[in-house]
Every structure is written in C-alpha cells, then in structure tokens.
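**Q** coords below, sequence missing:
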C-alpha cells in the first residue's frame, strides 16, 4: 500500500523517517509492505492509480490525558465515511509529545510511528478498538513499554481484516491490481 505523510508542522526529517520505518515494521509483521511518499505533486495526480492509497497528516494539536492512559482519540484520528472506509488520518504531535514527557519509555518518533500505524489500522479495519495490542483505545504504561520494544502489534483478527481490505482494494472494480498496493503472501 502507498501512504503519503504530510509533515504539516515540519518535524525534523529524521523523526518522520524513523516513524515511517517503525510503522512499516508494524505492518510488515502482518505481511503488508508500505511504500511511503511525501505530500506533493502526486496528491494532485490525475491518474488515480498514481495517488497514494492513504494520507497521514502530522499536525500540532491534541492534548494528552495527564491523569491516566494515553487516549488515541487525542493523539490521532482517522476520517471514515458512513461505510467505514476512508483514506485520511491525522496524528497530533502536541499530544504525542505530552505523552513522551509523562512516560519516558518511548520517544516522540516511536509514539508517532505507532499512532500512525493505529490510524492506518482504522482506515483498513474500520471504527472501533480492540482489547489488546495496537488497536486499543488507550495505551497505558504497559503498552508504551511494549511500544518502545516494538512489541505492540495487530492481533490475528485485525491482520485478517487488513489483508482482506487490501486485497479488495487491489482487485478494484476492474479486478486489476492497483500500483502501490503491495500485500506480501
């Protein structure tokens, strides 16, 4: 799948690159490759096959819940239509930064990576949260510790839903695979 990252707040390039690498690792664990692009001319491309499958905007907003677990509702948001499908998500670095100041086990680039992976998960799986792993609604110190050791993952049911969605997208209306959608087998 292809994902464009729009670094709206101009975080350092190294931070975005590290976040993309870690988010890609999360998806690689469920047999999905990500082809990253940046926001630019490809977003205005007339040929829909040349556009990214998903867009993640990194914005400044959000506020962390200082009294309890990190709420992913404040660190990111996936925009889903009535049928549960979508292509756009936001990651709010303000809340991510606050969380990293509260819980020192994970850096801002790591929390950004897993927030991006979580929101992409919504774009592929739909609304709702799981009881474990990366798709939990809230991340406690335990999840942030697991995140820092790259152990926060999608579960088997989520993996199946992600692969089903990507295969459906790749088949499209004319059953021809769309460029940029790479599902490992």
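**A** Received the coordinates, thanks. Worth saying up front: this structure is predicted, and the values here are computed from it rather than measured.
**Q** end-to-end on stretch 123-138?
**A** 18 Å (Cα to Cα, to the nearest Å).
**Q** gap between it and the chain center?
**A** 11 Å (Cα atoms, centre = their mean, to the nearest Å).
**Q** 3 is where my numbering starts, stick with that
**A** With 3 as the first residue, the last one maps to stretch 125-140.
**Q** could you check it and say which residues are buried?
**A** Buried residues in stretch 125-140, defined by neighbour count with 16 or more other Cβ atoms under 10 Å: 125-127, 131, 135-138. Backbone N, C-alpha and C define where each C-beta goes, glycine included.
**Q** and the one helix or strand residue 166 maps to, average pLDDT?
**A** Element membership for residue 166, per DSSP states H and E: helix 158-173. If you average the pLDDT over helix 158-173, you get 92.
**Q** residues of that helix that come out buried?
**A** Buried, per 16+ other Cβ under 10 Å, within helix 158-173: 160-161, 163-165, 167-168, 171-172.
**Q** check stretch 85-105 too.
**A** For stretch 85-105, by 16+ other Cβ under 10 Å, it's 88-102, 105.
**Q** also stretch 28-41?
**A** For stretch 28-41, by 16+ other Cβ under 10 Å, it's 28-29, 32, 34, 36, 38-39.
**Q** spatially, which two of the residues you listed are the most separated?
**A** Using Cβ to Cβ, the buried residues of stretch 28-41 reach their maximum pairwise distance at 32 and 39, which is 20.9 Å.
**Q** can you pull the pLDDT of the closest residue to residue 36 other than its chain neighbours?
**A** Once flanking residues are discounted, residue 36 sits nearest to residue 26: 4.7 Å by Cβ to Cβ, 6 or more residues apart in numbering. On pLDDT, residue 26 comes in at 98.
**Q** cool, and the one 5 residues further on?
**A** You'll see residue 31 listed with a pLDDT of 96.
**Q** also residue 73?
**A** 57.
**Q** what does residue 6 give?
**A** Reported pLDDT for residue 6: 95.
**Q** need the contact list for residue 134.
**A** residue 157 (Cβ atoms under 8 Å, 6 or more residues apart in numbering).
**Q** need the buried residues of helix 158-173 in TSV with distance to residue 111, can you?
**A** Formatted as TSV, these follow (distance: Cβ to Cβ, whole Å):
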residue	distance to residue 111
160	23
161	24
163	27
164	23
165	27
167	27
168	26
171	28
172	30
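**Q** which of the residues you listed sits closest to residue 11?
**A** residue 164 (27.9 Å).
**Q** where does residue 5 land in three-state SS?
**A** Secondary structure state of residue 5, per DSSP: H, G, I helix; E, B strand; the rest coil, is strand.
**Q** that one touches residue 36, doesn't it?
**A** Yes - taking Cβ atoms under 8 Å as the definition, residue 5 is a contact partner of residue 36 at 5.5 Å.
**Q** this completes my enquiry, with thanks.
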